[in-house]
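Colleague: Starting from these lines, generate the structure:
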Amino acid sequence: MGFWELLVVASAPVVQVMLVGLVGALLATGSRAVLSADAINHMNKVVYIVFTPALMFACLVSTVTLEDIITWWFMPVNIGLTFLIGGVLGWLVVKILRPEPHLRGLVIAACSAANLGNLMVIITPAICSESPSPFGETAACHSRALSYSSLSMALGNFYVWTHTYSLMKNSGKIHKKMIEDGDLKDEFQKKKEDLEAMLLTPSTSYAAIESSQTLLPEDDAPRNFFEKAKISAMSFAELILSPPNAGTIMGFIFGATPWLKSLFVGAAAPLQSVYDAIDLMGNATIPSITLILGGNLAKGIRKSRLNISTIIAVMIVKLIILPSAGLFVTHAAFKLGLLPQDPLFRYTLLLQYTIPAAMGIGTMAELFDVAREECSVLLLWNYLLASVALTLWATVYLWFLS
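Modeller: Numbering: from 1, shown residues only. Here you go, the predicted model:
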């Protein structure tokens with residue numbers, strides 16, 4: 001596959017996102033805007049409660065088996081490493097450039113969370129359509145690529161709706177406190193605990209929410225270990241049982257259990273119509289999120305409080321440093337015998353470091369009413385530059401695997 005063919009494959013899903021986002025922007029402008037602030041808010045809640053869980057469940061039930069989960073055990077580890085490395089780099093950007101307190105979670109989220117959903121499902125199987133296919137016979141390659149990308153989408157969304165969700169939720173609390181108390185910039189700069197509140201793993205994020213209790217009146221803070229443990233457990237349960245994560249967990253259970261899978265998938269499945277209805281709702285996830293992104297961008301592109309240096313730093317992390325780290329991690333894992341021999345599996349792992357930021361960040365920004373405009377601007381620049389970056393890195397990856 002030549003450079004221009006790779007450019008077309010890498011650009012196609014990005015162009016789709018841009019076009020749907022443009023429709024959202026047009027719907028949000030003018031005196032008779034269809035996507036008003038209230039409409040975006042209600043639409044976002046439907047995406048969070050209905051569409052995203054349906055997408056996760058339908059995808060996992062139809063494509064993933066227990067054997068796949070066991071054989072491809074390194075994939076969740078690899079996705080976790082993308083979040084860890086991206087989170088560390090995002091934290092360094094926050095430390096160096098010091099954006100406003102309520103924007104720090106967004107910066108870390110944009111550096112760590114990738115869109116492992118629709119882009120992976122489009123880009124990974126597309127490489128198999130070339131003649132000759134770089135990864136073996138076309139039909140078998142396409143089937144494996146679809147399975148890899150489907151599992152990647154499910155696992156990626158689980159990380160997004162735990163790690164990234166906790167970051168954005170904490171940012172929402174900080175933003176609300178800033179609105180109540182006025183400009184707290186100086187106070188926040190004095191609090192090292194707040195800077196650490198947006199660290200790198202879900203567990204530290206939960207601890208960060210506890211440490212941010214210093215922002216609350218002293219009387220409202222828990223006074224003993226058991227009260228703190230209770231609050232932490234409730235926060236963790238709320239995180240795990242959020243609608244997207246509930247859909248993912250149920251999808252894994254039904255997909256990995258043959259007799260449960262047969263209820264929904266197959267010619268003789270008694271609940272085939274139920275599965276079709278869930279799949280239909282899940283298909284609305286990506287267009288809805290993208291319309292919301294375009295609407296927020298049209299309303300707030302001039303209100304963004306992110307400076308240009310922060311935007312450039314995030315782009316460097318996402319488009320240059322993180323993919324370079326992915327090459328090292330994947331090569332080391334292969335040399336240590338941790339990966340299957342299939343080069344397409346390694347190619348999928350490498351792409352996970354290269355995909356632009358997760359669209360779900362915009363859903364969370366809207367959900368917690370924090371950094372909506374800044375999120376739209378970051379995602380816009382990331383996706384505009386992603387087509388060229390994806391093409392260049394895909395070329396490097398194919399050479400590296402040859």
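
Colleague: The spatially closest residue to residue 378 that is not a sequence neighbour and residue 44, how far apart?
Modeller: Excluding the flanking residues, the one nearest residue 378 by Cβ to Cβ, 6 or more residues apart in numbering is residue 110, at 5.0 Å. Yep, even glycine has a C-beta here, placed from its N, CA and C like the rest. Between residue 110 and residue 44 the distance, using Cβ to Cβ, to the nearest Å, works out to 18 Å.

Colleague: Comparing these two, which residue is more hemmed in?
Modeller: Using other Cβ atoms under 10 Å as the criterion, residue 110 and residue 44 rank with residue 110 on top: 31 against 22.

Colleague: tell me which element that one falls in.
Modeller: helix 104-112 (DSSP states H and E).

Colleague: which ones are touching the residue nearest to residue 378?
Modeller: Residues in contact with residue 110 (Cβ atoms under 8 Å, 6 or more residues apart in numbering) are 90, 314, 318, 357, 361, 375, 378-379, 382.

Colleague: Now do the same for it: its pLDDT.
Modeller: Looking at residue 110, its pLDDT stands at 93.

Colleague: same check, this time on residue 350
Modeller: With respect to pLDDT, residue 350 scores 93.

Colleague: Off-centre distance for the helix or strand hosting it?
Modeller: Assigned by DSSP H and E, residue 350 falls within helix 343-351. Helix 343-351 sits 18 Å away from the centroid of its parent chain (Cα atoms, centre = their mean, to the nearest Å).

Colleague: Can you list the helices and strands that that helix packs against?
Modeller: When contacts are defined as 3 or more Cβ pairs under 8 Å, 6 or more residues apart in numbering; DSSP states H and E, helix 343-351 packs onto helix 74-97, helix 118-126, helix 138-159, helix 322-335, helix 372-401.

Colleague: what about the stretch 1-150 of the chain, any weak spots by pLDDT?
Modeller: Applying pLDDT under 70 to the stretch 1-150 of the chain flags residues 1-3, 5-14, 31-32, 118, 130-133.

Colleague: gap between residue 91 and residue 282?
Modeller: 33 Å.

Colleague: Check residue 173 too.
Modeller: Distance, residue 173 to residue 282, by Cβ to Cβ: 30 Å.

Colleague: residues touching the residue nearest to residue 112 when sequence neighbours are not counted, list them.
Modeller: Beyond its immediate neighbours in the sequence, the residue positioned closest to residue 112 (Cβ to Cβ, 6+ apart) is residue 86, lying 3.3 Å away. Going by Cβ under 8 Å, 6+ apart, residue 86 touches 111-114, 317-318, 322.

Colleague: So residue 21 is in contact with residue 294, correct?
Modeller: Yes - if you go by Cβ atoms under 8 Å, residue 21 and residue 294 touch, sitting 3.6 Å apart.

Colleague: What pLDDT does the model give the most centrally placed residue in the chain?
Modeller: When Cα atoms, centre = their mean is applied to the chain, the residue found nearest the centroid is residue 358 (3.3 Å). Model confidence at residue 358, given as pLDDT, is 87.

Colleague: Residue 174 too?
Modeller: The model reports residue 174 with a pLDDT of 91.

Colleague: Just give me the neighbour total for the nearest residue to residue 402 once chain neighbours are set aside.
Modeller: Counting by Cβ to Cβ, 6+ apart, residue 402 lies nearest to residue 134, which is 7.5 Å off, once chain neighbours are set aside. Residue 134 is flanked by 15 other residues according to other Cβ under 10 Å.

Colleague: Kindly report the same for residue 374.
Modeller: 26.

Colleague: Next up, the contacts around it.
Modeller: Neighbour list for residue 374: 103, 106, 304-306, 365 [criterion: Cβ under 8 Å, 6+ apart].

Colleague: Which one (most neighbours) among those?
Modeller: residue 106 (31 neighbours).

Colleague: thought that one was touching residue 170?
Modeller: No - taking Cβ under 8 Å as the definition, residue 106 is not a contact partner of residue 170, at 10.9 Å.

Colleague: Residue 325: how many residues sit nearby?
Modeller: As a burial measure, residue 325 scores 18 neighbours (other Cβ under 10 Å).

Colleague: and what of residue 226?
Modeller: Neighbour count of residue 226, defined by other Cβ under 10 Å: 9.

Colleague: cool, residue 367 as well?
Modeller: If you count neighbours by other Cβ under 10 Å, residue 367 ends up with 19.

Colleague: Ok, the one 4 residues further on next?
Modeller: Using other Cβ under 10 Å, residue 371 has 33 neighbouring residues.

Colleague: and the nearest residue to it once chain neighbours are set aside, how far is that from residue 401?
Modeller: With Cβ to Cβ, 6+ apart as the criterion, residue 371 has its nearest non-adjacent residue at 4.5 Å, and that residue is residue 106. Taking Cβ to Cβ as the measure, residue 106 falls 34 Å from residue 401.

Colleague: Format the contacts of residue 110 as TSV; extra columns: neighbour count.
Modeller: TSV is the format used below for the contacts of residue 110 (neighbours: other Cβ atoms under 10 Å):
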residue	neighbour count
90	29
314	25
318	28
357	27
361	28
375	29
378	29
379	26
382	22
